[in-house]
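Trainee: No sequence on hand, only this structure:
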């Protein structure tokens, strides 16, 4: 069951990655202070790969024992909402009719929505991986198609997005008994919401998220909805692009959306943790929270002030007691500190950050140096030292350092340099 869900989530993202023409060359490592998991969330191509990584970390460790595939159809029907597929409304002829109505000269959103309502979202609601995979592939292809058509007629994308939001709200909703559709269906729904663009991507960058999708993703964080951590992680992984490149009617609308997000996040953190959430899963969620809070705290308004305080509450403990935190969480905390100007740092907080930063850099540089020295270089002569010309010969008898290792060391040097700038903040 877990492998089936991971497979579905992986292909949702990977196919979208290869389909997009504007994606820049794959670079997992770059000279920055971002740890590898966060690089996989912040690089231009990586929104496509975020959910599989989250699924491996969050769902693979036990969440599907509670929210997973049912062992038999009767149990599945009892636990989740389902829909019956009507062959007369869900067939190849209907699919061809939908494709025909996607053309600018014959665009008809009513026909398209009928097919989505009676076929694609019915398939997506099935507790069946093949049906889900078939539906999500067609939906993602249509999203790409709508964005291409928007160059000829922007209203096509606007109407298509509104239709998608209507269907997504029904897919993500729960009935009066608190039952929802299969968790895998709902995670795919959250991914679709995160993927929707109000402004399509270009050759120089990705698209800009839709404010309606922002609201859907924020609502998933409300503890009253009782979402599992897989849904929370999906929401947190897609929201940063909505803060970094917002498309709201006014600054006040953005501030209200961010305030709602912060209030939901505070309530989520205050709620009792599920027993299935282990330390690694909890720390990964904190990394995602740091990325969102950093984006909001870097702005202006009341929400930025609130995010500033919430951010300190996460990063200071991680930096202060690094033995209780993962390397990735500590590095993400230091990355955040380098981007945000904190308003209420106390002298003891500065001391904590200085001491913790230097200790982290010293320890991690030592660890990475050992790893690099044990690894053969990615090039014939190894890659050069930081800042030097490429292609220099390797030392006699010594293995070269791969480009990945060199870039990772550079990120640690970036952090150490930030430490010396603390007194200027």
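Mentor: Structure's in. What do you need? Keep in mind that this is a model prediction, so the values were computed, not measured.
Trainee: which intervals of the stretch 251-400 of the chain have sub-threshold pLDDT?
Mentor: 374-400 (pLDDT under 70).
Trainee: Would you map the helices across it?
Mentor: 251-270, 279-297, 302-320, 327-339, 347-373 (DSSP state H, counting those that start in this stretch).
Trainee: Take those and write them to CSV, including distance to residue 100.
Mentor: Backbone N, C-alpha and C define where each C-beta goes, glycine included. Listed next are the helices of the stretch 251-400 of the chain as CSV, based on distance: least, C-beta to C-beta, whole Å:
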stretch, distance to residue 100
helix 251-270, 37
helix 279-297, 41
helix 302-320, 45
helix 327-339, 48
helix 347-373, 56
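Trainee: could I get these as TSV with distance to residue 146 and mean neighbour count?
Mentor: Compiled in TSV, those are given as follows (distance: least, C-beta to C-beta, whole Å; neighbours: other C-beta atoms under 10 Å):
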stretch	distance to residue 146	mean neighbour count
helix 251-270	24	18
helix 279-297	27	22
helix 302-320	31	19
helix 327-339	34	23
helix 347-373	45	15
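Trainee: Select, out of these, the one closest to residue 230.
Mentor: When these are compared by C-beta to C-beta, helix 279-297 sits nearest residue 230, at 9.8 Å.
Trainee: Which neighbouring elements make contact with that closest one?
Mentor: helix 36-42, helix 229-238, helix 240-244, helix 251-270, helix 302-320, helix 327-339 (3 or more C-beta pairs under 8 Å, 6 or more residues apart in numbering; DSSP states H and E).
Trainee: if we can go back for a sec, tell me which of the helices of the stretch 251-400 of the chain approaches residue 187 most closely.
Mentor: helix 279-297 (14.9 Å).
Trainee: What is the burial count for residue 175?
Mentor: 9 (other C-beta atoms under 10 Å).
Trainee: right, and it touches residue 80 too?
Mentor: No - Residue 175 is beyond contact range of residue 80, at 10.3 Å (criterion: C-beta atoms under 8 Å).
Trainee: related to what we said a few turns ago, I'd like to know which of the helices and strands packed on helix 279-297 is closest to residue 88.
Mentor: helix 229-238 (33.2 Å).
Trainee: can you give me the mean pLDDT across the closest one?
Mentor: Averaging pLDDT along helix 229-238 yields 90.
Trainee: how about the helices and strands packed on helix 279-297 in TSV, adding distance to residue 117?
Mentor: Below are these laid out as TSV (distance: least, C-beta to C-beta, whole Å):
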stretch	distance to residue 117
helix 36-42	33
helix 229-238	23
helix 240-244	26
helix 251-270	28
helix 302-320	36
helix 327-339	41
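Trainee: Those helices: which one's closest to residue 285?
Mentor: Residue 285 lies closest to helix 229-238 among the helices and strands packed on helix 279-297, at 6.4 Å (C-beta to C-beta).
Trainee: other SSEs contacting the closest one?
Mentor: Other helices and strands packing on helix 229-238, by 3+ C-beta pairs under 8 Å, 6+ apart, are helix 47-54, helix 183-195, helix 211-219, helix 279-297.
Trainee: right, and these - which one's nearest residue 238?
Mentor: Taking the helices and strands packed on helix 229-238 one by one with C-beta to C-beta, helix 183-195 is closest: 2.9 Å.
Trainee: What's the first helix or strand after that closest one?
Mentor: Proceeding N to C from helix 183-195, the next assigned helix or strand is strand 197-199, under DSSP states H and E.
Trainee: other SSEs contacting that following strand?
Mentor: Against strand 197-199 (3+ C-beta pairs under 8 Å, 6+ apart) you get helix 154-172, strand 208-209.
Trainee: got the angle for the longest one vs helix 183-195?
Mentor: Spelled out, it's helix 154-172. 150 degrees (axes from the mean of the first three to the mean of the last three C-alpha atoms, to 10 degrees).
Trainee: So residue 194 sits against residue 238, correct?
Mentor: Yes - Residue 194 is within contact range of residue 238, at 2.9 Å (criterion: C-beta under 8 Å).
Trainee: if we can go back for a sec, right, and the helices and strands packed on helix 279-297 - which one's nearest residue 101?
Mentor: Closest to residue 101 of these, according to C-beta to C-beta: helix 229-238, at 28.7 Å.
Trainee: Check which residues of that closest one are buried.
Mentor: 229, 230, 231, 232, 233, 234, 235, 236, 237, 238 (16 or more other C-beta atoms under 10 Å).
Trainee: what does stretch 221-228 give?
Mentor: Buried residues in stretch 221-228, counting neighbours by 16+ other C-beta under 10 Å, are found at 221, 223, 225, 227, 228.
Trainee: Tabulate those residues in JSON lines, adding columns for distance to residue 354 and secondary structure.
Mentor: Formatted as JSON lines, these follow (distance: C-beta to C-beta, whole Å; DSSP: H, G, I helix; E, B strand; the rest coil):
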{"residue": "221", "distance to residue 354": "33", "secondary structure": "coil"}
{"residue": "223", "distance to residue 354": "36", "secondary structure": "helix"}
{"residue": "225", "distance to residue 354": "41", "secondary structure": "helix"}
{"residue": "227", "distance to residue 354": "39", "secondary structure": "coil"}
{"residue": "228", "distance to residue 354": "39", "secondary structure": "coil"}
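Trainee: Present the residues you listed as JSON lines; the columns should include distance to residue 291.
Mentor: Shown next, in JSON lines, are those (distance: C-beta to C-beta, whole Å):
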{"residue": "221", "distance to residue 291": "14"}
{"residue": "223", "distance to residue 291": "21"}
{"residue": "225", "distance to residue 291": "22"}
{"residue": "227", "distance to residue 291": "19"}
{"residue": "228", "distance to residue 291": "20"}
